[in-house]
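>>> Got a predicted structure here, sequence first:
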Amino acid sequence: MRKIGILTSGGDAPGMNACIRGAVRAALVNHLEIFGIRWGYSGLIRGDIVSLDRRAATNIIYQGGTILGTARSEEFRTKEGRAKAIKMLQDTGIEGLILIGGDGTFRGGTLLSQECGVSIVGIPGTIDNDCYGTDYTIGFDTAINTALEAIDRIRDTATAHDRLFFVEVMGRHTGFIALESGIAGGAEEFLIPEVPMSIDELSRRLEKNFKEGKRSAIVVVAETEQPGESFHIAQEVKDKTGFDSRVCILGHIQRGGAPSARDRVLASRLGTAAVQALIDGKGGYMVGEINREIAYTPLKDTWEKKKALHSGLTDLLKVLSD
Ligand code: F6P
């Protein structure tokens, strides 16, 4: 193998740049030529491909976002779109491709690896932490710390006004961000898909707590299909209990910012591990970290299998928020 490519796809995540840096350094140390594909699969289809040298990865370890740009490509979902991408890979002579992204990226990557002879290795990069085959995805640690900072600030104003707050965090159908930022922020209640709670039950629990002397509370809500659902939830709770509340949607703030130390270390490690996997002929896998060891998971499993919330953490909710 002499030429490899790297792209970032789907939602950006803090640490993607540290990961690109790790992969560039590892490629050059191993005398491989490395190309950056800009704007994810869309850029690959267009042939937006640039050579990356050592300088390209200078001073990017601390930057959020991704220097390569990212996108969600509708065209890549089609066989015709992927055929254009394959041609671009062939024209450039790229024999190995590193994909940094989440489940959508790996879905596309699985098809691409079936349809062309290029070796493909995935790296989990998404704030959602919803990739099977790794304890943590790149960007999750930064995102929960960003959410935590917001929750702490809301706690100040909630306490000052004796108010109930609903804080909606990201997570795309999963409760990883809500669970960990909520536990760290001492949230009173959690609305997350993996541990369902009806509005009736939530209202009963809040009423009980307020009767027992609580004067303010924070409910952490994992976003649903439609971001902003918390406004409806707050209204329903008001209809049942009479409690007035405020809603705060954290949104894309959770995606930006300098990556945490933990994300930079994870990203650097996985970036270099992906290059090594290509050299070792381990195409078709995602490199992740499980119990602090590098783990290889078939790309298909990363999106077909569902990663569960840590039961040790969901058990905590029964005690901490009671
Ligand atoms: O997958 C990352 C994520 O931030 C999700 O948490 C969120 O649901 C989604 O992306 C938002 O996507 P977009 O940036 O396209 O609005």
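Ah, there it is. Numbering: from 1, shown residues only.
>>> quick one: low-confidence ranges for the stretch 151-300 of the chain?
Within the stretch 151-300 of the chain, not a single segment meets pLDDT under 70.
>>> so, in contact with the ligand or not, the longest helix along the chain?
As assigned by DSSP state H, the longest helix anywhere in the chain is helix 140-161. No - Helix 140-161 is not in contact with the ligand by C-beta under 6 Å from any ligand atom; minimum separation 8.3 Å. No exception for glycine: its C-beta is placed from N, CA and C like everyone else's.
>>> Would you mark the buried spots in that helix?
By 16 or more other C-beta atoms under 10 Å, the buried positions in helix 140-161 come out as 140-148, 150-151, 154-155, 158.
>>> just those residues now: which is nearest the ligand?
Ala143 (8.3 Å; C-beta to the nearest ligand atom).
>>> Correct me if wrong: that closest one contacts Ile253.
No - Ala143 is not in contact with Ile253 according to C-beta atoms under 8 Å; the separation is 9.4 Å.
>>> on contacts alone, who are the packing partners of the longest helix of the chain?
Helices and strands touching helix 140-161, by 3 or more C-beta pairs under 8 Å, 6 or more residues apart in numbering; DSSP states H and E, are strand 164-169, helix 176-184, strand 217-222, strand 245-249, helix 261-279.
>>> between those, which gets nearest to Ile4?
helix 261-279 (5.9 Å; C-beta to C-beta).
>>> got the angle between that closest one and helix 140-161?
160 degrees (axes from the mean of the first three to the mean of the last three C-alpha atoms, to 10 degrees).
>>> Dump the buried residues of helix 140-161 into TSV; add distance to Arg46 as well.
Below are the buried residues of helix 140-161 laid out as TSV (distance: C-beta to C-beta, whole Å):
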residue	distance to Arg46
Phe140	30
Asp141	33
Thr142	30
Ala143	30
Ile144	35
Asn145	36
Thr146	32
Ala147	35
Leu148	39
Ala150	37
Ile151	41
Ile154	43
Arg155	47
Ala158	48
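>>> Then Gly257 would be within a helix, right?
No - under DSSP: H, G, I helix; E, B strand; the rest coil, Gly257 falls outside any helix and is assigned coil.
>>> How about it: what's its closest non-neighbour residue?
Gly64 (4.9 Å; C-beta to C-beta, 6 or more residues apart in numbering).
>>> Quick check: phi and psi at that neighbour.
phi -80, psi -180 (degrees, to the nearest 10).
>>> ok, now which ones touch it?
Going by C-beta atoms under 8 Å, 6 or more residues apart in numbering, Gly64 touches 12, 14, 17, 142, 255-259.
>>> how about the residues of the stretch 51-200 of the chain that lie near the ligand?
When proximity is defined as C-beta under 6 Å from any ligand atom, the stretch 51-200 of the chain approaches the ligand at 102, 126-128, 170-172.
>>> ok, and the most crowded of these?
With neighbours taken as other C-beta atoms under 10 Å, the top of these is Ile127, carrying 32 neighbours.
>>> surely that residue meets Asp141?
No - in this structure, Ile127 is not within contact of Asp141 by C-beta under 8 Å, at 9.3 Å.
>>> mind listing the strands for the protein?
Using DSSP state E, the strands of the chain run over 3-8, 33-37, 49-52, 96-101, 119-124, 164-169, 189-191, 217-222, 245-249, 285-290, 293-298.
>>> what's in contact with stretch 37-44?
With C-beta under 8 Å, 6+ apart as the contact definition, stretch 37-44 has outside contacts at 5-10, 46, 48-50, 68-73, 75-76, 81, 85, 88-89, 101, 105, 108.
>>> ChimeraX command for the buried members of these?
Buried subset of those, written as a ChimeraX selection, criterion 16+ other C-beta under 10 Å:
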select :5,6,7,8,9,10,48,49,68,69,70,71,72,73,76,81,85,88,89,101,105,108
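>>> Burial check on Arg246, number of neighbours?
Counted with other C-beta under 10 Å, Arg246 comes out at 14.
>>> what about the residue nearest to it when sequence neighbours are not counted, distance to the ligand?
In space, and not counting its chain neighbours, Arg246 is closest to Phe165: 5.3 Å by C-beta to C-beta, 6+ apart. Using C-beta to the nearest ligand atom, to the nearest Å, Phe165 is found at 20 Å from the ligand.
>>> Contacts only, for the residue of the stretch 51-200 of the chain found nearest the ligand.
Across the stretch 51-200 of the chain, the shortest distance to the ligand (C-beta to the nearest ligand atom) belongs to Met170, at 3.3 Å. By C-beta under 8 Å, 6+ apart, the contact set of Met170 is 127-128, 143, 177, 223, 227, 250-252, 254-255.
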